[in-house]
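A structural model of the following input is requested.
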Amino acid sequence: MHFLTGFHAIEERIKASKTSGRSCGPLLMAKAGPRAKELVNLAVDCKIRVDRVGTFELDHLAPNNRGIALQVEDLSDDNSDITVDEFLERIGDRENALAVILDDITDPHNYGAILRSCDQFGVDLVISRNRRNAKHADVISKTSAGTVSWVPQAETPNIVRAAEQLKDAGFWLYAADMLGDPVHTKDLRGRVALVLGSEGTGISRLLKEACDGMVAIPSYGRIDSLNVSVAAGVLLYEVRRQRG
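Next up is the predicted model:
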């Protein structure tokens, strides 16, 4: 059994069950606070079973809960999964599209925060090869405020090949790198994919070579780089700023 324990994560997963057809439940409740009651009402509206349980039982099943937990089939599959081919077929001839490629982002807090920014700035697809290698799927769901249930994601064993597929479909790929050109000097309209590297080693050589250019965020601090999730938010804002 697997459980979601964050309020936002539970709410978005229940909402997504209505449109995606992915089953979930029961919703287990030990403490009936105001927020928990709202989630119970939502579950009832969505025809999801609600079970009242004791605090000890809930703590045993779902540690670090806040008095409520939602049972799901598999935390690692709690997202909107598609393939790169399906994504390209879905967008068809659309001129504007935005993708994000994550190269070995292993910190679940960073992954979740990036997903939250991707949702806010309308990213059409997030591509990674190691999402399920980040074991803390509940942390990802909490940190993303539940947007893991909405942001389309594609997992691939060959991320360079996925990048080449995007390029063949007319995407311009830009690697986030401190040695890159200031991001505001690049034209980020049309079909664009931003590539973000891992927390420790950055973007792998082959993936960087597949990119059309590098972009950097001008900074004036004493530390030489931003956290990858913060950088993702800044870069995505600039893309949307340029697109109006």
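
okay, CA-based contacts and neighbour counts for the rest of this
Fine.

Pull the residues that contact the top helix by length along the chain.
Identified as the longest helix of the chain according to DSSP state H is helix 228-243. The list of residues contacting helix 228-243 from outside it, by CA atoms under 8 Å, 6 or more residues apart in numbering, reads 110-111, 113-114, 117-118, 121, 183-184, 187-189, 196-199, 217.

Can you list the strands that the helix or strand encompassing residue 28 pairs with?
For residue 28, the host element (DSSP states H and E) is strand 27-29. Here strand 27-29 is paired, per DSSP bridges, with strand 50-52 (parallel), strand 68-72 (antiparallel).

Kindly state the distance between the middle of it and the middle of its chain.
25 Å (CA atoms, centre = their mean, to the nearest Å).

Only the buried residues of the very next helix or strand once past it, if you could.
Using DSSP H and E, the next helix or strand after strand 27-29 towards the C-terminus is helix 34-45. Residues 36, 39, 40, 43 are the ones in helix 34-45 that count as buried (16 or more other CA atoms under 10 Å).

top strand in this protein by residue count?
strand 172-182 (DSSP state E).

Give the partner strands of that one in its sheet and their orientations.
Strand pairing for strand 172-182, determined by DSSP bridges: strand 191-196 (parallel), strand 213-216 (parallel).

still on that earlier bit, turn the buried residues of helix 34-45 into TSV, including pLDDT and distance to residue 207.
Listed next are the buried residues of helix 34-45 as TSV, based on pLDDT from 0 to 100; distance: CA to CA, whole Å:
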residue	pLDDT	distance to residue 207
36	90	44
39	93	43
40	94	45
43	92	43
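
For the chain, just list every one of the helices.
Ranges of helices within the chain are 7-20, 34-45, 55-61, 84-91, 108-120, 137-143, 159-168, 205-210, 228-243, based on DSSP H.

Pick the most deeply packed of these.
Of all the helices of the chain, helix 137-143 carries the top mean neighbour count, a mean of 25, counting by mean count of other CA atoms under 10 Å.

thinking again about what came up before, right, so the strands paired with strand 172-182: which one is the most enclosed?
Of all the strands paired with strand 172-182, strand 191-196 has the most neighbours on average by mean count of other CA under 10 Å, namely a mean of 23.

Serialize the strands paired with strand 172-182 to a markdown table and add fields for distance to residue 99 and mean pLDDT.
Formatted as a markdown table, the strands paired with strand 172-182 follow (distance: least, CA to CA, whole Å; pLDDT from 0 to 100):
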| stretch | distance to residue 99 | mean pLDDT |
| --- | --- | --- |
| strand 191-196 | 4 | 97 |
| strand 213-216 | 15 | 96 |
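
gap between the most centrally placed residue in the chain and residue 8?
Compute the mean C-alpha point of the chain, and by CA atoms, centre = their mean the closest residue is residue 115, 2.7 Å away. Residue 115 is 14 Å from residue 8, where distance means CA to CA, to the nearest Å.

what does residue 191 give?
Applying CA to CA, the value for residue 191 to residue 8 is 31 Å.

where does the chain have low pLDDT?
Low-confidence segments of the chain, defined by pLDDT under 70, span residues 1, 19-22, 74-80, 130-150, 222-225.

hmm, try it at 50
For the chain, applying pLDDT under 50 flags the ranges 76-79, 132-135.

Just send the helices of the chain back as a markdown table, with distance to residue 69 too.
Converted to a markdown table, the helices of the chain look like this (distance: least, CA to CA, whole Å):
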| stretch | distance to residue 69 |
| --- | --- |
| helix 7-20 | 7 |
| helix 34-45 | 9 |
| helix 55-61 | 8 |
| helix 84-91 | 32 |
| helix 108-120 | 19 |
| helix 137-143 | 11 |
| helix 159-168 | 34 |
| helix 205-210 | 39 |
| helix 228-243 | 27 |
